[in-house]
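J.: when you get a sec, could you give me coordinates for this:
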Amino acid sequence: MMEESARLSAQTRTVSGKGAARQLRRGGQLPAVVYGRREEAESLALDEHELSRLLSRIKAATTVIDLEVDGGKPRPVLIREIQRHPYRPQMLHVDFFEIRADVAIRVQVPVHLAETPVGVEMGGILQQMRHEVEVECLPNELPDAFDVDISELDIGGAIHVSDVDAAGVTILDDESLTICTVVPPAIEEEEEEEEEGEPGEDETVEGAAEAAEGLGGEEAQG
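T.: You can find the predicted model right below:
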């Protein structure tokens with residue numbers, strides 16, 4: 001289930017715009033917003049180093065964070081989005097969503113595949129189509145992830161959303177959606193294609209007869 005709440009401090013941000021955001025980052029801070037329980041989103045500034053240390057020890061998508069704004073009473077929030085630089089290891093912006101302990105939330109929870117399928121040991125290839133599922137639950141019931149045992153999965157077999165043990169949490173995704181499957185090895189398909197492309201014995205004999213007939217016709221004309 002959910003990890004212990006983490007703690008993070010922030011300050012109210014009164015200026016906005018790209019120029020102000022760049023100035024914050026140059027000073028080691030990070031622009032952010034929090035929304036959910038109030039009519040308008042609040043603009044915040046975070047210490048980037050403090051957030052980086054926090055992210056190194058929590059599961060960002062499923063950990064409730066106690067956010068202290070301007071030293072006030074901690075507010076429980078979830079990270080909804082972290083915008084990152086396209087090629088530098090740098091965060092650009094963070095979105096927080098404020099929650100209530102007595103109100104259900106909708107969250108994407110990771111799906112972890114455990115063990116090696118028997119189909120893979122026989123040469124099959126494991127393909128995972130979905131890496132997370134959407135759930136609805138109270139914040140204190142939020143799981144870190146769903147661990148799915150796929151050791152008995154044979155070639156051609158599949159695990160669906162309905163096979164995930166939700167442990168009392170409501171999964172909102174369609175039960176028929178495929179989580180993963182084991183497909184036959186690609187080399188077998190290539191060999192089959194090559195065999196189909198090779199001429200059979202009858203085709204070779206027929207082709208030789210047609211060639212001989214054509215050659216005989218040319219001699220007769222000469």
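
J.: measure the residue sitting nearest the centre point of the chain to Arg84 for me?
T.: The residue lying closest to the centre of the chain (CA atoms, centre = their mean) is His131, at 4.2 Å. Using CB to CB, to the nearest Å, His131 is found at 18 Å from Arg84. For the C-beta atoms, the positions are set from N, CA and C on the backbone; glycine is no exception.

J.: do the same with Met122
T.: Separation of Met122 from Arg84 (CB to CB) stands at 40 Å.

J.: swap in Ala6?
T.: 20 Å.

J.: quick one: low-confidence residue ranges for this structure.
T.: Scanning the chain for pLDDT under 70 picks out the ranges 1-5, 39, 187-222.

J.: switch the cut-off to 80
T.: 1-5, 37-39, 168, 186-222 (pLDDT under 80).

J.: quick one, helices of it?
T.: Remark: helices assigned in the chain by DSSP state H are 18-26, 48-55, 118-121, 186-197, 201-221.

J.: next, count neighbours for the closest residue to Ser162 other than its chain neighbours.
T.: In this structure, Ser162 finds its nearest non-sequential neighbour in Glu175, 3.8 Å apart by CB to CB, 6 or more residues apart in numbering. If you count neighbours by other CB atoms under 10 Å, Glu175 ends up with 10.

J.: need the contact list for Glu175.
T.: Residues near Glu175 by CB atoms under 8 Å, 6 or more residues apart in numbering: 160-162.

J.: distance of it from Arg53?
T.: Distance, Glu175 to Arg53, using CB to CB: 39 Å.

J.: and if you look at His131?
T.: His131 is 26 Å from Arg53, by CB to CB.

J.: ditto for Gly71
T.: Gly71 is 20 Å from Arg53, by CB to CB.

J.: one step back: list phi and psi for the residue nearest to Ser162.
T.: Per-residue torsions, Glu175: phi -60, psi -20 (degrees, to the nearest 10).

J.: that one and Val161, how far apart?
T.: The gap separating Glu175 from Val161 is 5 Å, by CB to CB.

J.: over to Pro31?
T.: Plainly put, Pro31 is 37 Å away from Val161 if you go by CB to CB.

J.: what's the neighbour count on the nearest residue to Ser9 once chain neighbours are set aside?
T.: Among residues not flanking Ser9 along the chain, Glu68 sits closest, at 4.7 Å (CB to CB, 6+ apart). Neighbour count of Glu68, defined by other CB under 10 Å: 15.

J.: list the contacts for Glu68?
T.: Listed by CB under 8 Å, 6+ apart, the contact partners of Glu68 are 7-10, 74-75.

J.: show me where the chain has strands.
T.: Residue ranges of the strands in the chain, as given by DSSP state E, are 6-12, 29-35, 42-47, 65-69, 75-84, 91-98, 105-114, 125-128, 132-137, 146-149, 158-160, 170-171, 178-183.
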